[in-house]
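*Asks:* Let's see this in three dimensions:
(chains A and B)
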Amino acid sequence: MDTTARIIEKQDLTGITKLFVVHAPLVARNAAPGQFIILRVTETGERIPISLTDFDRDTGTVTIVVQQVGRTSALVNALDLGDDFLDFVGPLGDPVPLPEDGHAVLIGGGFGTGALFPLARELRKRGVRVSSIIGARTRSLLILTEMLSRQSDELHVCTDDGSVGYHGFVTGRLEELMDAGAGFTHCFAVGPMPMMRAVATTTQKRGLPAMVSLDPLMVDGTGMCGGCRVSVGGKSLFACVDGPFFDAHQVDFDVADDRLRIYREQEKVACELTGLER
Amino acid sequence: MPIVYPHKTEMPVRDPQARRRSWDEVAEGYTVERAIAEARRCLNCQDPVCELGCPVNVPIREFVRCVAIGDFDGAASAIRRRNLLPAICGRVCPVEHQCEARCVLFPHQDPVGIGRLERFAADWVREHGNGGESAAQQVWREQKVAIVGSGPAGLTVASDLAQLGYPVSIFEALHAFGGVLRYGIPQYRLPKEIVDEDVEHLKALGVEFVRDVIIGKTVTIDQLFDELGYSAIFVGTGAGSPIFMNIPGENLKGIYSANEFLTRVNLMKAYAFPEYDTPVYRPRRAAVIGAGDTAMDGVRCAIRLGAEEGHIVYRRSENEKGARAEDFERARDEGVIFDWLTLPQRYLGDENGWVRGLECIRTELGEPDESGRRRPVPVPGSEFVIEADLVVIALGTNPNPLVPHSTRGLDVDAHGCIIADPETGATSRKGLFAGGDIVTGAATVILALGAGRKAATAIHEYLQEQLTDKGASRNGAAQAHVPTSDDVVTSRPDISVAEHEAEERHRGYMEGTVWARDYATANELRGFVENFGRGMESALEIVTGGTEHTSVEGSSDFEGPYWEGFLEGAEEVLIEGTGRGWLNS
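*Replies:* All right, here's what the predicted structure looks like:
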């Protein structure tokens, strides 16, 4: 059985964010919206989880978006067309439970926007109305606007500095739209932890059901180690097999946020050795 | 009369102080002189009861005798007939509860050091000999077998079925093979090079190893059967899901499941950070909860990562600990502190969310519980704090749910373990077999080997029945007949069961070395004798003897139905045999 995963397309989305189309038919075959993969690039390397941005069973390809945040993501982004990943395993996690009707609002922040695309496509296929709200610090860091707009009935763009679109956070735009009577029935959010926490607070206040995709530290991705445990509704759940999407209103964001910092010291060392700034 | 020494010959171990910070193997193994001295302690009993204590029936008396006379190749060959992972089992088997517990010397004297001798023979052959191994690849059958998980159970099934000529694929979720041998057992106890060599040996037999495939996610069991054409599947996915205590503070930083801690250290080699990219917390004071083998591994790894103090925290007493005696003693020698009768109640954290200790309560032992061990009862008012900046929870594991949850028609018990026949590994799903920790819950490497061995035999029988079924339905003569294990074993789909049943039964005898025209025929002969042999204590061994001939060694009476496919080969076996053997009608 061939598990080769070869890069057949690479795009620069921003200076530090790359999109890869990977020929990996085994992974594409059973992939569903909300799932992720784990990859490794060197024999001494870490295993890191990355959300699926797209998958196509017919062409046997999957698409991922990787933002350079440390040593391993820098090594990934240095790969070129024609290169193989050393390991590329998936699809992992449970598919996100999607509604059959209604009006879904999808919220993406930073490179988390990449993970929204398969949700938008599937929702539209089911006849659910899709509004997408995506945000970034500034115009040049916005990604995948065109790709996502093709699968959205409405696309709203926000920047922290007002360089394009709504001037402010995605939650500000979300509240504006809700005030204007958008009639959202479901919300799905993927992005940095502070953004997802803000979405959780806003939607809870307004009684809108919401799910967030958690991205904790992981090792095996098969439920074996428990390193990715998150506290949801007072219970410890494993993001790799019970998630990655969880009820936003049940997630303990303090724990989730804090557990991301376990290896801050080591991450600094690794970045210095790699010649990266943090 | 030989002089009998009452104590086991010492095995050299590295100095506890020197090894506290080293990942090199602790036990250095016997020298030739020590191995022979120890083997000579064996009384060579007429009735080797030690062998009854071995889950895979290693011919212990025979291999120990070989060591005693200096025939180390012979010793390794004898072991390998029943156990393909001797270098591993010689290191990790709980021998004091198995073979050595049955040794007639015991308890008046130390039992013969069977585990140490097994390790010696396996290591000697790895370093010096050819091991009499039959590494020639000869996949000739058509029915494909998939094995899920490359741990001890899966490796055993793969080995047995590959030697019977089946095309076998092993699917592994991680990026390296060996399962618990890879991620769980530390380098200082089982060097990973040994696991690598065993995997290479199986590759040479023709086994396909596929990494990065998670059965249940990447490919499902249903897809393996329906789309990828596998005729039988063995699930040996282990007990992979860690148990937490669900007490306050469990998500503080610095608290790990044993699985995560050991996987980071062993599989990802976090002890060599930053040479390896995966980090792990380097503790000052470590507390490991539990007292089994995994707990000993955890606390000894913590010490090797730099902990000045390593604690084992266990709610029962030393008598109830689950760890092997040898590992417990080595942990003690390395300075581990044992807090018996101590139950953690909550974790204490600092202002930055890092664990700084465990609040515990003393216990005393009450009435036995359902496990037969005395139940620990908290002593009111005895609360105290153990300071620790690293906590490893080693309280056992639950079965990995990925396969059960994604497979139609597969029954599991209340714990989530796959329900499988203990003698065959057969599950509620036709063609699907299971064994090892996924069936029993967390147990030992050697029990997984035993389960794998039985399952391989059952899978072979099942696949032979499938062929017979096809032949029978084509022939139309025996449509209603449901084959059982008493039926003819055949690889000839053109002969119906009914025709077989009409044939006379044949009897035969073989002894010594018999040459077959090729590996496949030798395998058939072995299979026949194993299926129909009487008084067979051990399997026959197939030894590759060059490009044209293969020999089968052993002795047995056997009786079985006429089997044309077998006889064709057998006639040649007998005509060309250099040993003795014949078939009578």
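*Asks:* can you list the residues that contact stretch A:106-114?
*Replies:* When contacts are defined by C-beta atoms under 8 Å, 6 or more residues apart in numbering or on different chains, stretch A:106-114 is touched by residues A:13, A:17, A:19, A:51, A:53, A:64-67, A:115-116, A:119-120, A:123, A:130-136, A:141-144, A:148, A:152, A:170, A:174, A:187-192, A:195-196, A:199, A:213. Any C-beta I mention is one placed from the backbone N, CA and C, and that applies to glycine too.
*Asks:* Doesn't residue B:428 lie inside a helix?
*Replies:* No - under DSSP: H, G, I helix; E, B strand; the rest coil, residue B:428 sits outside any helix and is assigned coil.
*Asks:* Phi and psi next, for it.
*Replies:* phi -70, psi -10 (degrees, to the nearest 10).
*Asks:* and if you look at residue A:258?
*Replies:* Note on residue A:258: its backbone torsions stand at phi -70, psi -40 [degrees, to the nearest 10].
*Asks:* correct me, but it touches residue B:351?
*Replies:* No - counting by C-beta atoms under 8 Å, residue A:258 does not reach residue B:351; the two are 11.5 Å apart.
*Asks:* Of the two, which one has the most company?
*Replies:* residue A:258 (18 against 6; other C-beta atoms under 10 Å in any protein chain shown).
*Asks:* ok, that one - contacts?
*Replies:* B:253, B:353.
*Asks:* and it, what pLDDT?
*Replies:* Residue A:258 is assigned 91 on the pLDDT scale.
*Asks:* how far away is it from residue B:254?
*Replies:* As for residue A:258, its distance to residue B:254 is 11 Å (criterion: C-beta to C-beta, to the nearest Å).
*Asks:* Quick one: the strands in the stretch 101-250 of chain B, in order.
*Replies:* Along the stretch 101-250 of chain B, the segments classed as strands by DSSP state E, counting those that start in this stretch run B:144-148, B:168-171, B:208-210, B:230-235, B:241-242.
*Asks:* Is the helix or strand of chain A with the lowest mean pLDDT in proximity to chain B?
*Replies:* Within chain A, confidence by mean pLDDT, DSSP states H and E is lowest for helix A:264-274 among all helices and strands, at a mean of 88. Yes - contact of helix A:264-274 with chain B (C-beta under 8 Å from any C-beta of the partner chain) involves A:266, A:267, A:269, A:270, A:273.
*Asks:* On the three-state scheme, residue B:347 is what?
*Replies:* Using three-state DSSP, the structure places residue B:347 in strand.
*Asks:* domains of chain A?
*Replies:* The record, using automatic domain parsing to delimit domains, assigns chain A the ranges A:6-92, A:103-259.
*Asks:* Now do the first one, average pLDDT.
*Replies:* Averaging pLDDT along domain A:6-92 gives 95.
*Asks:* Any idea how far apart the tips of that domain sit?
*Replies:* Domain A:6-92 has its terminal residues 19 Å apart, counting by C-alpha to C-alpha, to the nearest Å.
*Asks:* anything in it near chain B?
*Replies:* Yes - interface with chain B: domain A:6-92 contributes A:26-27, A:29-30, A:40, A:42, A:44-47, A:71-72, A:86-92 (C-beta under 8 Å from any C-beta).
*Asks:* rewinding a little: apply the buried test to the contacts of stretch A:106-114 and list what passes.
*Replies:* A:13, A:17, A:19, A:51, A:53, A:64-67, A:115-116, A:119-120, A:123, A:130-136, A:141-144, A:148, A:152, A:170, A:174, A:187-191, A:195-196, A:199, A:213 (16 or more other C-beta atoms under 10 Å in any protein chain shown).
*Asks:* Double-check residue A:189 against residue A:210; I have them as touching.
*Replies:* Yes - because the distance of 6.4 Å satisfies C-beta under 8 Å, residue A:189 is recorded as touching residue A:210.
*Asks:* Mutual contacts of those two, please.
*Replies:* Jointly contacting residue A:189 and residue A:210 under the rule C-beta under 8 Å, 6+ apart are A:199, A:200, A:248.
*Asks:* Counting only helices, which of those make the cut?
*Replies:* A:199, A:200 (DSSP state H).
*Asks:* what number of residues lie near whatever residue of the stretch 51-200 of chain A ends up closest to chain B?
*Replies:* Using C-beta to the nearest C-beta, the closest approach of the stretch 51-200 of chain A to chain B is made by residue A:89 at 4.0 Å. Look at residue A:89: counted by other C-beta under 10 Å, it has 29 neighbours.
*Asks:* where does it fall, helix, sheet strand or coil?
*Replies:* strand.
*Asks:* quick one, what contacts the spatially closest residue to it that is not a sequence neighbour?
*Replies:* In space, and not counting its chain neighbours, residue A:89 is closest to residue B:212: 4.0 Å by C-beta to C-beta, 6 or more residues apart in numbering or on different chains. With contact set as C-beta under 8 Å, 6+ apart, residue B:212 has these partners: A:3, A:87, A:88, A:89, B:172, B:173, B:174, B:175, B:218.
*Asks:* The first one is in contact with residue B:210, isn't it?
*Replies:* To tie it back to what came earlier, the one meant is residue A:3. Yes - between residue A:3 and residue B:210 there is a contact under C-beta under 8 Å: 6.3 Å.
*Asks:* distance between stretch B:335-348 and the chain's centre?
*Replies:* Centroid separation for stretch B:335-348 versus its chain: 31 Å, with C-alpha atoms, centre = their mean, to the nearest Å.
*Asks:* and it, average pLDDT?
*Replies:* For stretch B:335-348, mean pLDDT is 96.
*Asks:* Go through it and flag the buried ones.
*Replies:* For stretch B:335-348, a neighbour-count test (16+ other C-beta under 10 Å) marks B:336, B:338, B:339, B:340, B:341, B:342, B:343, B:344, B:347, B:348 as buried.
*Asks:* Those into TSV, with extra columns for distance to residue A:158 and secondary structure?
*Replies:* TSV is the format used below for the buried residues of stretch B:335-348 (distance: C-beta to C-beta, whole Å; DSSP: H, G, I helix; E, B strand; the rest coil):
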residue	distance to residue A:158	secondary structure
B:336	56	coil
B:338	58	strand
B:339	55	strand
B:340	59	coil
B:341	59	coil
B:342	54	strand
B:343	52	strand
B:344	47	strand
B:347	40	strand
B:348	42	strand
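*Asks:* The residues you listed: which ones sit near chain A?
*Replies:* Okay, of those, nothing touches chain A (C-beta under 8 Å from any C-beta).
*Asks:* from the residues you listed, which is closest to residue A:166?
*Replies:* Of all these, residue A:166 sits closest to residue B:347, with 43.4 Å by C-beta to C-beta.
*Asks:* Chain A versus that closest one, what's the distance?
*Replies:* Distance of residue B:347 to chain A, computed by C-beta to the nearest C-beta, to the nearest Å: 13 Å.
*Asks:* Verify the stated contact: that residue with residue B:250.
*Replies:* Yes - applying C-beta under 8 Å, one finds residue B:347 in contact with residue B:250, separated by 6.3 Å.
*Asks:* sorry, back to before: who's in contact with the residue of the stretch 51-200 of chain A closest to chain B?
*Replies:* By C-beta under 8 Å, 6+ apart, the contact list for residue A:89 reads A:3, A:27, A:37, A:38, A:39, A:221, B:173, B:175, B:212, B:213, B:214, B:218.
*Asks:* what sits against the last one?
*Replies:* The neighbourhood of residue B:218, defined by C-beta under 8 Å, 6+ apart, consists of A:26, A:27, A:29, A:30, A:89, A:90, A:91, B:212.
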